[in-house]
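[1] quick one, structure for this:
(one chain, ligands or ions: 3)
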Amino acid sequence: MQRLIPELWCDNAGAAEPMPVRHDWTQAQVRALFDLPFPELMYRAQTVHRQNFDAVAVQISTLLSIKTGGCPEDCAYCPQSARYETGVRAEKLMSRDTVLAQARCAKSAGASRFCMGAAWREPKDRDLDAVCGMVEDVKALGLETCVTLGMLTAAQARRLKASGLDYYNHNLDTSPEFYGEIITTRTYRDRLATLDHVRAAGIHVCCGGIVGMGETREDRIGMIATLASLPAHPESVPINMLVRVAGTPLADQPKLEPLEFVRTVAAARITMPRSMVRLSAGREDMSEETQALCFLAGANSIFYGPKLLTTPNPGPDRDRELMDRLGLRPMEPI
Ligand code: SAM
Ligand code: DTB
Ligand code: SF4
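    Numbers count the residues shown, from 1 in each chain. Ligands and ions are numbered 1, 2, ... in the order given. Have a look, this model is predicted:
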């Protein structure tokens, strides 16, 4: 196999020792992964996964939308943009007490991380104070904390860190080339700057993207190559399958072939061997067989709970049953 794809010098499938983590992945090398025969790709992804993780442990996070709808941005996939008629009502920032009560529920249901999302382009300083209070409360419950609030300044990132924030989610969403087809109100460079501020503040980075938005395979390759060549890999890499929401410009996108989604997960696992790869949005519409293949491809984290931010997710009973049948178990917080 190696002879057929000489650019894949990383081929160590079968070796006991993990490969060193690389930050110089080229587009050609990631393309070579995507082009592998499916069994070969899965074997490599599973090998890398086992070299770095317990292959049956899955990290469980629960999401809460703390500020829903009315967002000024034009992200073509998003039901929360004020520009599209999606039936999502704009709400005010949730109260600290309500958030704390929801976090308690998530903890007793078995989540180890609580992720709070706000439909903002960027937080105002007054709103950030409120979010910092929520982070303190959630942290005091013994949960890991994550927020996603849009663009941040360096000073805002430091304030979040001081409140006890563990993770900041900010996705690149797609390749640099396709990005402009999806979002015009902020640039790829803006996103990279926010990621730099988060990293510099000492917060773990959660950064991935969405597939199934009409991008080409080359765009999926470009997204993975960009993530894998960041100076430090995101600790968490969410791979979302587009949730096609009526009223958004992407509502009628044809469904992406499930095995192409699995290939994207596998490429993320191989190129970012120590990162948690999250099988993120889109599970509600995904067969259990596809989800099982994603776990085999190295996904080791999910969102757990009946709702993502505004759209449905499989209920806890269904997920517990699936995990039982696959012999997977929740990962202890690290
Ligand atoms: N407003 C903040 C921002 O954009 O960074 C935080 C919330 S935003 C909803 C978080 C992420 O959710 C987006 O970056 C996108 O990757 C994902 N997302 C939103 N709508 C989605 C959809 N319909 N399908 C899949 N992922 C989606
Ligand atoms: C991420 O990458 N996916 C999550 C989380 N980070 C914030 C959000 C998915 C949102 C799906 C659409 C919705 O429910 O509104
Ligand atoms: Fe707003 Fe975030 Fe949705 Fe974009 S993804 S429209 S920034 S809530």
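[2] only C-alpha atoms for contact and neighbour calcs from this point on.
    Fine.
[3] centre of the chain versus stretch 228-237, how much separation?
    Centroid separation for stretch 228-237 versus its chain: 12 Å, with Cα atoms, centre = their mean, to the nearest Å.
[4] can you give me the end-to-end span of it?
    Stretch 228-237 has its terminal residues 10 Å apart, counting by Cα to Cα, to the nearest Å.
[5] for Gln51, give its distance to Arg329.
    Computed as Cα to Cα, the Gln51 to Arg329 distance reads 18 Å.
[6] neighbour count winner among these two?
    Between Gln51 and Arg329, Gln51 has the larger neighbour count (other Cα atoms under 10 Å), namely 19 against 15.
[7] verify the contact between that one and Pro20 for me.
    No: counting by Cα atoms under 8 Å, Gln51 stays clear of Pro20, with 11.0 Å between them.
[8] report how many residues lie close to the nearest residue to Pro273 once chain neighbours are set aside.
    Among residues not flanking Pro273 along the chain, Val48 sits closest, at 6.3 Å (Cα to Cα, 6 or more residues apart in numbering). For Val48, the neighbour count with other Cα under 10 Å is 28.
[9] how about Val48, secondary structure?
    What DSSP: H, G, I helix; E, B strand; the rest coil gives for Val48 is helix.
[10] what distance do you get for it to ligand 1?
    Val48 sits 25 Å away from ligand 1, taking Cα to the nearest ligand atom, to the nearest Å as the criterion.
[11] got it, and Tyr77?
    Counting by Cα to the nearest ligand atom, the gap from Tyr77 to ligand 1 is 5 Å.
[12] and the nearest residue to that residue once chain neighbours are set aside, how many neighbours?
    Leaving out its chain neighbours, the residue that sits closest to Tyr77 by Cα to Cα, 6+ apart is Leu250, at 5.7 Å. A count of nearby residues for Leu250, using other Cα under 10 Å, gives 20.
[13] isn't Leu250 right up against Met213?
    Yes: if you go by Cα under 8 Å, Leu250 and Met213 touch, sitting 6.8 Å apart.
[14] overlap in contacts of these two?
    Tyr77 (Cα atoms under 8 Å, 6 or more residues apart in numbering).
[15] all helices of the stretch 151-300 of the chain, in order?
    Counting by DSSP state H, counting those that start in this stretch, the stretch 151-300 of the chain has helices at residues 154-162, 179-182, 188-200, 217-228, 258-271, 288-296.
[16] contact residues of this structure facing ligand 1?
    Residues of the chain that fall close to ligand 1, judged by Cα under 6 Å from any ligand atom: 77-78, 117-121, 148-150, 170-171, 173, 209-210, 240-244, 281.
[17] same thing but 5 Å
    Proximity of the chain to ligand 1, by Cα under 5 Å from any ligand atom, involves residues Tyr77, Cys78, Ala119, Trp120, Thr148, Leu149, Gly150, Asn171, Leu242, Val243.
[18] need these in TSV (columns: distance to Thr264 and neighbour count).
    TSV is the format used below for those (distance: Cα to Cα, whole Å; neighbours: other Cα atoms under 10 Å):
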residue	distance to Thr264	neighbour count
Tyr77	19	22
Cys78	21	26
Ala119	27	27
Trp120	28	20
Thr148	23	22
Leu149	26	22
Gly150	25	19
Asn171	15	22
Leu242	13	23
Val243	17	24
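[19] quick one: which of those residues sit in strands?
    Per DSSP state E, strands hold the following members of those: Thr148.
[20] between the residues of the chain next to ligand 1, which sits nearest Asp285?
    Nearest to Asp285 among the residues of the chain next to ligand 1 is Val243, at 8.4 Å by Cα to Cα.
[21] now do the same contact list for the closest residue to the closest one other than its chain neighbours.
    Nearest residue to Val243, sequence neighbours excluded (Cα to Cα, 6+ apart): Gly282, at 5.6 Å. Contact analysis of Gly282 by Cα under 8 Å, 6+ apart lists Asn240, Met241, Leu242, Val243, Asn313.
[22] for Gly282, grab phi and psi.
    Per-residue torsions, Gly282: phi 100, psi 0 (degrees, to the nearest 10).
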